[in-house]
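Undergrad: Model the following, please.
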Amino acid sequence: MNLDLHRLEVLCKVIETRSFTKAGERMFLSQPTISEHIRYLEEVVGEKLINRMGREAIPTQAGMILYEYAKRMLDLRHRAIQALENFRGVVAGHLFIGASTIPGNYILPEIVGKFRTSFPSISMTITISDSKSVVDMLLSGRIEMGFTGATWHDIRLAWQEIWRDTLVLAVKASDPLSLKGTIEIEEIGDIPLIFREKGSGTRKVTEEVLSHFNIDLDKLKIVAEFGSTEAVRQGIKAGIGASIISYRAVEEDVDRGSIAMIEIRNLKIERPFYIVTHKRHHLSPIARTFRDFVMSSFNHFGA
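TA: Next up, the predicted model:
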């Protein structure tokens, strides 16, 4: 049985993207070529691997079994190449990581820039999403490590705290609420609020804090939910409502005077950020190199 690694890589891309077309775009191959590779694998194994459901490509049970082994084979090939590069004294390769909004948009770019200066032969793909999606990507093998602002109880995952962020109640500077400067936690129910979407680490922490004070989310005046911190930031500036948001995300706006911070009396909301890895997957040499670089770099941010 000839299971060509290139064709197995095609199978993985089709299953991960749920699309022959998108898989072709990722691998710079035409859609007919992708179809031919899948057809060849199906003939070799004697099983249907992919079902076409309209425009979506859905793996069969046999397809998922082969996918799990294909990921391990491709990972082993990747590690073998890196091991030889390390033997020659070259730290090189491509690293796939995922990050939630705050580290992905406001922290990692500076660190990655410095990392690339020290290790120019390493290239990186960083996917920015909410914390839950980052974990899902890690579990599916699409990334080697993630950076999140929330944790889940999952025995497959290892979490390591690297940095702490402060969440603040922010409002448009011209909003009358900004004149108060300080409010009691119970007053938050009277304020129009912007929330992140479910699955966001910021939302998870916010819900936990409010729940601690027995504040029912269903009774809050949530006027909008946005899928990114940047959208929340723009919503605050547009006067849609106030929001509990990372100070780092609005720091420049506060300095410019377009956003004001409201103190909640006797309450300081902090959230940790973590590196998350899969316990059963050994990190590649370049992933370990980047992790160590990040750990030392986060000292710059007061970790």
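Undergrad: quick one: low-confidence ranges for this protein?
TA: 82, 85-91, 299-303 (pLDDT under 70).
Undergrad: quick one: contacts for the residue nearest the centre of it?
TA: For the chain, the residue whose C-alpha lies nearest the mean C-alpha position (Cα atoms, centre = their mean) is Ala99; its distance is 3.1 Å. The neighbourhood of Ala99, defined by Cβ atoms under 8 Å, 6 or more residues apart in numbering, consists of 108, 126-128, 134, 146-148. Just so you know, the C-beta spots here come from the backbone N, C-alpha and C atoms, and that holds for glycine as well.
Undergrad: Strands - which of those land there?
TA: In strands, defined here by DSSP state E, the members of these are 126-128, 146-148.
Undergrad: who are the neighbours in contact with the nearest residue to the residue nearest to the centre of the chain once chain neighbours are set aside?
TA: If you skip the residues right next to it in sequence, Ala99 has Phe147 as its closest partner in space, 4.1 Å away by Cβ to Cβ, 6 or more residues apart in numbering. The contact partners of Phe147, taken as Cβ under 8 Å, 6+ apart, are 97-100, 103-104, 107-108, 134, 162, 273-276.
Undergrad: So which residues of the stretch 151-300 of the chain form strands?
TA: If DSSP state E, counting those that start in this stretch is used as the criterion, the strands of the stretch 151-300 of the chain fall at 157-172, 182-183, 192-196, 221-226, 243-246, 259-264, 269-278.
Undergrad: looking at those, which is buried most?
TA: Mean neighbour counts were taken over the strands of the stretch 151-300 of the chain using mean count of other Cβ atoms under 10 Å, and the top value, a mean of 25, falls to strand 243-246.
Undergrad: what's the burial count for Gly93?
TA: By other Cβ atoms under 10 Å, 21 other residues sit near Gly93.
Undergrad: for Arg156, same thing?
TA: A count of nearby residues for Arg156, using other Cβ under 10 Å, gives 12.
Undergrad: Enumerate the beta-bridge partners assigned to Phe226.
TA: Arg196 (DSSP bridges).
Undergrad: residue contacts, it?
TA: Per Cβ under 8 Å, 6+ apart, neighbours of Phe226: 194-197, 232, 235.
Undergrad: how close does it sit to Asp75?
TA: Between Phe226 and Asp75 the distance is 36 Å, computed by Cβ to Cβ, to the nearest Å.
Undergrad: can you tell me the helix or strand for the spatially closest residue to Met1 that is not a sequence neighbour?
TA: Counting by Cβ to Cβ, 6+ apart, the nearest residue to Met1 once its immediate chain neighbours are dropped is Val44, at 5.8 Å. Taking DSSP states H and E as the definition, Val44 sits inside helix 31-45.
Undergrad: Do a quick rundown of the helices in the protein.
TA: 5-17, 20-27, 31-45, 61-87, 101-102, 108-118, 131-139, 201-212, 229-237, 247-256, 285-297 (DSSP state H).
Undergrad: Can I get these in CSV including mean neighbour count and distance to Lys180?
TA: Formatted as CSV, the entries for the helices of the chain read as follows, by neighbours: other Cβ atoms under 10 Å; distance: least, Cβ to Cβ, whole Å:
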stretch, mean neighbour count, distance to Lys180
helix 5-17, 20, 50
helix 20-27, 19, 50
helix 31-45, 16, 59
helix 61-87, 15, 54
helix 101-102, 26, 27
helix 108-118, 14, 35
helix 131-139, 22, 32
helix 201-212, 18, 19
helix 229-237, 20, 16
helix 247-256, 16, 16
helix 285-297, 17, 38
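Undergrad: Select, out of those helices, the one closest to Ile269.
TA: Taking Cβ to Cβ, helix 201-212 is the member of the helices of the chain nearest to Ile269, at 5.6 Å.
Undergrad: Touching, Lys172 and Ala260? I think so.
TA: Yes: with contact defined as Cβ atoms under 8 Å, Lys172 reaches Ala260; the gap is 7.4 Å.
Undergrad: rewinding a little: which residues does the residue nearest to Met1 contact?
TA: 1-3.
Undergrad: farthest-separated two in the contacts of Ala99?
TA: Within these, two members stand farthest from each other by Cβ to Cβ: Ile126 and Thr148, at 13.2 Å.
Undergrad: neighbour count winner among the two?
TA: Neighbour totals were compared for Ile126 and Thr148, and Thr148 leads with 29 against 16 (other Cβ under 10 Å).
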